[in-house]
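> Need the 3D shape of this:
(4 chains)
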Number of protein chains: 2
Amino acid sequence: MARRPYHHGNLRAELIEASFALLARDGLSGFSVAQVARTLGVSTASPYRHFADRDHLLAAVAAQAALELADRIRSDADAAGSDPRERFAVTAGTYVRYVARRGAGYPVIFATSLAGLEDPELVQAGRALMSLMLQLAQETGVAPTPERALLLLERHGVIAQGYLTLHREGFLTLGDVSLDGIAERATEATRDLLRAFADA
Amino acid sequence: MARRPYHHGNLRAELIEASFALLARDGLSGFSVAQVARTLGVSTASPYRHFADRDHLLAAVAAQAALELADRIRSDADAAGSDPRERFAVTAGTYVRYVARRGAGYPVIFATSLAGLEDPELVQAGRALMSLMLQLAQETGVAPTPERALLLLERHGVIAQGYLTLHREGFLTLGDVSLDGIAERATEATRDLLRAFADA
DNA sequence: GTCTATAAATAGATAGAC
DNA sequence: GTCTATCTATTTATAGAC
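Now for the predicted structure:
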């Protein structure tokens, strides 16, 4: 048997990166450690030197996704200007675009199956993401109490994840169904949500 | 080997029913023909006498789900009284409850992988469901043009599916997270959506 | 129409060589 | 730290007996 080129240098990071690509293409159900290994041209045993099992690899991916998503949200909010409502609204589109391209959003970051691992980095990154979103929600000024801010945050997540799911599953077939088009619809729905909160 | 009790009488219908139970428990990703067969105590070969393959079984389940969902929607809308906005709003809760209990909603009924089958019963049932929802949307009176009615329908689906997904994946942890509690939140979000449309 | 038996994939995970 | 090789389990689907 011809031996493979041996080592890789930075397999752990590459496994995480290849996992994102696989998640974006096939979703969580199509994700497998073996497929990730094949993508990188390494043996199916190699990943287990870096991660105890499938869930620990997924948890590392989820933690990085939470960090990346928070970065994109901060950056898109800043690019949206100084109006705090618009800053909050655009992040719904940010979520749709990021998760469609990277394959990991709330359902991975807060997956019930990963919660049992109590991975400190994942827990911390998830909390930071929620903290950031809550701050943006409060800054809109349309949620005077903590309860209202949490409801606003919940509705924001529902809109973003709802558009993403219906887009992925082929339910949305009318109008501009490009990823940017769907992201803009999520943002527009969130603008309406803010108007409704302001009028309440 | 001890031979099994032989025939079943109505295996086709029982396969569909057992598929619902499995979908509700494990989701689309956990669904397998073999598991459905085991649930019923029949051999894993039996289903293939009634359905060409996995997707044809799923298509039959999806078609029945569309019919059942339309029935529930009609029935819950009628139970909500004569206010057309309330009739529309409660169907978001109907969707959440039905799909959580039966395991098959828009992502199964309109699944891209099943669209290629062009199953006439599924296509017809899907159209009837959308037609019913569009009628309820138009009757609210807050969507004066067909375009607005379609947008209202889209937002309704986004809210219902968004709450369902975030509930299933463990994102919603605050307040009453019972199924009825989540369904009521989806209905309340839809009431706000209607107010926003009325004020626009 | 249901069964037994089986083939061919694929997955998760481990042992032991290098 | 990566490899080869292997084990066990599962799935989709088919062939052929009854």
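> where exactly do the helices run in chain A?
Using DSSP state H, the helices of chain A run over A:11-26, A:33-40, A:47-50, A:54-79, A:84-102, A:106-109, A:112-115, A:120-139, A:146-168, A:179-199.
> Nearest approach to chain B belongs to which of those?
helix A:146-168 (2.8 Å; CB to the nearest CB). In short, each C-beta sits where N, CA and C put it, glycine included.
> what is the orientation angle of the closest one with helix B:146-168?
With axes from the mean of the first three to the mean of the last three CA atoms, to 10 degrees as the criterion, the two stretches helix A:146-168 and helix B:146-168 enclose an angle of 110 degrees.
> Please spell out which residues along helix A:146-168 are buried.
A:149-168 (16 or more other CB atoms under 10 Å in any protein chain shown).
> what stretches of chain A score poorly on pLDDT?
With pLDDT under 70 as the threshold, chain A has low-confidence stretches at A:1-7.
> what does it put close to DNA strand C?
By CB under 7 Å from any atom of the strand, the residues of chain A that approach DNA strand C are A:31-35, A:44-45, A:48, A:52-54.
> so can I have JSON lines of the residues you listed showing distance to DNA strand D and neighbour count?
Compiled in JSON lines, the residues of chain A next to DNA strand C are given as follows (distance: CB to the nearest atom of the strand, whole Å; neighbours: other CB atoms under 10 Å in any protein chain shown):
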{"residue": "A:Phe31", "distance to DNA strand D": "15", "neighbour count": "21"}
{"residue": "A:Ser32", "distance to DNA strand D": "11", "neighbour count": "14"}
{"residue": "A:Val33", "distance to DNA strand D": "11", "neighbour count": "20"}
{"residue": "A:Ala34", "distance to DNA strand D": "9", "neighbour count": "12"}
{"residue": "A:Gln35", "distance to DNA strand D": "14", "neighbour count": "15"}
{"residue": "A:Thr44", "distance to DNA strand D": "6", "neighbour count": "13"}
{"residue": "A:Ala45", "distance to DNA strand D": "3", "neighbour count": "10"}
{"residue": "A:Tyr48", "distance to DNA strand D": "8", "neighbour count": "15"}
{"residue": "A:Ala52", "distance to DNA strand D": "13", "neighbour count": "10"}
{"residue": "A:Asp53", "distance to DNA strand D": "14", "neighbour count": "12"}
{"residue": "A:Arg54", "distance to DNA strand D": "14", "neighbour count": "16"}
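> ok, so of the residues you listed, who is nearest B:Phe88?
Distance from B:Phe88 was checked for each of the residues of chain A next to DNA strand C by CB to CB. The minimum falls on A:Phe31, at 37.6 Å.
> residue contacts, the closest one?
Listed by CB atoms under 8 Å, 6 or more residues apart in numbering or on different chains, the contact partners of A:Phe31 are A:19, A:22-23, A:58.
> Let me know the closest of those residues to A:Val96.
In terms of CB to CB, no member of the contacts of A:Phe31 lies closer to A:Val96 than A:Leu23, at 15.4 Å.
> From what I see, that closest one and A:Val61 are in contact.
Yes - using CB atoms under 8 Å, A:Leu23 makes contact with A:Val61 at a distance of 7.1 Å.
> For A:Gly126, give me its contacts.
Contacts of A:Gly126 were listed using CB under 8 Å, 6+ apart, and they are A:62-63, A:66, A:109-110.
> so what's the residue positioned nearest the centre of chain A closest to, chain neighbours aside?
For chain A, the residue sitting closest to the mean C-alpha position, by CA atoms, centre = their mean, is A:Gly105 at 2.5 Å. Spatial nearest neighbour of A:Gly105, chain neighbours left out: A:Val99 (3.5 Å); criterion: CB to CB, 6 or more residues apart in numbering or on different chains.
> if I look at the closest residue to A:Ser113 other than its chain neighbours, how far off is DNA strand D?
What sits nearest to A:Ser113 in space, not counting adjacent residues and going by CB to CB, 6+ apart, is A:Asp55, at 6.3 Å. Here A:Asp55 is placed at a distance of 17 Å from DNA strand D (CB to the nearest atom of the strand, to the nearest Å).
> Over to A:Leu164?
In terms of CB to the nearest atom of the strand, A:Leu164 sits 26 Å off from DNA strand D.
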